[in-house]
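S.K.: Coordinates for the following, if possible.
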Amino acid sequence: MRMRALIVAYAGLLAMFIAYVYHYQHDMSRVRSVNEDISPLQGKPDEKYVMVTFQSGMDYWKRCLKGFEDAAEALNVSVEYRGATQYDVNEQVTVLEQVIARKPAGIAISAINPTALTKTINKAVEEGIPVVLFDSNASGSKAFSFLGTNNYSAGVTAAHEMAKLLKNKGRVAVITSPHQLNHQERTRGFVETIYQKYPRMQVVAVKNGKGDSMASKQAAMEILQDYPDVQGIFATEANGGVGMAEAVKELNKKEIKLISFDTEKQTLDLVKGGVIAATLAQGTWNMGYWSLQFLFHLHHRLTSPLRSGDSTLPTYVDTGITIVTRENVDHFYAR
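M.R.: Next up, the predicted model:
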């Protein structure tokens with residue numbers, strides 16, 4: 001009886017094991033079948049996407065372009081970088097017209113002016129070329145999405161950081177590029193936050209630095225001449241930060257607290273040396289990487305709301321901001 005019971009038990013265990021193996025193999029076969037039905041998200045090497053900027057030699061664009069290139073490698077497509085060499089809206093319009101004429105698979109553009117490129121951007125879209133904007137928006141255009149910093153929020157962040165540096169009191173100023181939407185928003189966020197949250201602080205001047213270090217130096221000189229008791233200056237872009245730092249050094253007013261924008265090496269060196277108290281780092285790699293991902297999806301019509309279960313891509317993506325100070329500056333140097 002005992003032997004028969006053991007045989008029955010072993011037979012039962014063997015049957016359970018065989019059933020387990022059968023179901024496991026069946027499930028794995030189903031998984032393999034599903035995976036084989038899913039084609040990889042890949043394009044073709046002759047499928048070209050173009051990034052268009054202005055002041056194309058600026059270090060700032062390098063991280064944007066790196067993200068664009070990394071996405072291209074992942075998607076097996078080609079990319080090209082074009083840009084106006086100067087801070088010149090007419091030159092950028094010309095470059096964009098030239099790019100459109102070549103019928104690329106998609107265009108990612110940072111707009112030097114919020115309205116001046118709208119007509120040309122719309123022309124690209126009307127000709128069937130997907131367009132997304134990054135870093136600097138042209139909100140009235142037909143571009144599908146904007147990927148960039150929440151610039152008003154960045155100005156708010158700069159205001160809070162300045163208040164912290166000045167212990168919530170003192171006169172401050174701004175150096176900006178007033179014809180560019182992203183800088184307008186940063187300036188507005190800074191000025192409104194100082195006015196609303198810090199009654200013992202006052203913004204006494206907003207000057208045009210023209211996106212140029214020499215013009216920004218001159219603007220800082222004028223501010224410090226007209227308002228010798230200014231205790232802090234916020235520059236809404238990197239060249240402005242470098243220019244105001246040069247003015248402060250030349251006038252030997254190192255006690256003035258400076259807040260800049262972006263993470264070019266020269267800016268980081270000034271932060272590390274204590275001349276600039278803080279700079280705001282944007283998610284520039286994210287801007288480039290996700291711009292190309294969006295363009296790829298648009299070109300391949302992977303976002304069509306007519307396809308069951310699909311959803312459209314977001315029209316705005318906040319790519320983030322980080323405060324860089326002497327304590328964490330080493331993490332932001334290019335590697």
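S.K.: wait, isn't Ile321 in contact with Asn286?
M.R.: No. Using Cβ atoms under 8 Å as the test, Ile321 is too far from Asn286 to be in contact (11.1 Å). To be clear about C-beta, it is placed using only N, CA and C from the backbone, and glycine gets the same treatment.
S.K.: quick one: the helices in the protein?
M.R.: 2-37, 60-75, 89-101, 118-126, 151-165, 181-197, 213-226, 238-250, 265-272, 284-299 (DSSP state H).
S.K.: Output these as TSV; include the columns distance to Val317.
M.R.: Formatted as TSV, these follow (distance: least, Cβ to Cβ, whole Å):
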stretch	distance to Val317
helix 2-37	29
helix 60-75	13
helix 89-101	22
helix 118-126	18
helix 151-165	13
helix 181-197	14
helix 213-226	29
helix 238-250	22
helix 265-272	25
helix 284-299	6
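S.K.: Which of those comes out lowest on mean pLDDT?
M.R.: Between the helices of the chain, the lowest average pLDDT goes to helix 2-37, which shows a mean of 49.
S.K.: rewinding a little: of the helices of the chain, give the one that comes closest to Thr315.
M.R.: Closest approach to Thr315 among these (Cβ to Cβ): helix 284-299, 10.1 Å.
S.K.: what helices or strands is that closest one leaning on?
M.R.: strand 48-53, helix 60-75, strand 106-109, strand 131-134, strand 146-148 (3 or more Cβ pairs under 8 Å, 6 or more residues apart in numbering; DSSP states H and E).
S.K.: what does the longest one contact?
M.R.: To tie it back to what came earlier, the one meant is helix 60-75. Helix 60-75 is contacted by residues 41-43, 49, 51, 53, 78-79, 81, 83, 108, 110, 134-135, 238, 262, 264, 284-293, 296, 334 when judged by Cβ atoms under 8 Å, 6 or more residues apart in numbering.
S.K.: in it, what's buried?
M.R.: Under the neighbour-count criterion of 16 or more other Cβ atoms under 10 Å, helix 60-75 has 60-61, 63-65, 67-69, 71-72, 75 buried.
S.K.: just how off-centre is it within its chain?
M.R.: Its chain's C-alpha centre and that of helix 60-75 lie 12 Å apart, by Cα atoms, centre = their mean, to the nearest Å.
S.K.: Next: stretch 321-335.
M.R.: Centroid separation for stretch 321-335 versus its chain: 16 Å, with Cα atoms, centre = their mean.
S.K.: Show me which residues of it are buried.
M.R.: Neighbour counts over stretch 321-335 (16+ other Cβ under 10 Å) mark 321, 323-324, 329, 332 as buried.
S.K.: now those residues as JSON lines including distance to Gly148 and pLDDT?
M.R.: Below are the buried residues of stretch 321-335 laid out as JSON lines (distance: Cβ to Cβ, whole Å; pLDDT from 0 to 100):
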{"residue": "Ile321", "distance to Gly148": "10", "pLDDT": "93"}
{"residue": "Ile323", "distance to Gly148": "18", "pLDDT": "97"}
{"residue": "Val324", "distance to Gly148": "18", "pLDDT": "98"}
{"residue": "Val329", "distance to Gly148": "23", "pLDDT": "97"}
{"residue": "Phe332", "distance to Gly148": "18", "pLDDT": "90"}
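S.K.: Farthest-apart pair in the residues you listed, please.
M.R.: Spanning the widest gap among these are Ile321 and Val329, at 15.5 Å by Cβ to Cβ.
S.K.: residue contacts, the residue nearest to Pro130 when sequence neighbours are not counted?
M.R.: Excluding its sequence neighbours, the residue lying closest to Pro130 (Cβ to Cβ, 6 or more residues apart in numbering) is Leu298, at 3.6 Å. Contacts for Leu298 were tallied using Cβ under 8 Å, 6+ apart; they are 106, 130, 132, 144, 313.
S.K.: Next up, the contacts around the last one.
M.R.: With contacts defined as Cβ under 8 Å, 6+ apart, Leu313 is in contact with 144-145, 294, 297-298, 303.
S.K.: What is the nearest of these to Tyr227?
M.R.: Set against Tyr227, the nearest of the contacts of Leu313 by Cβ to Cβ is Ser145 (40.8 Å).
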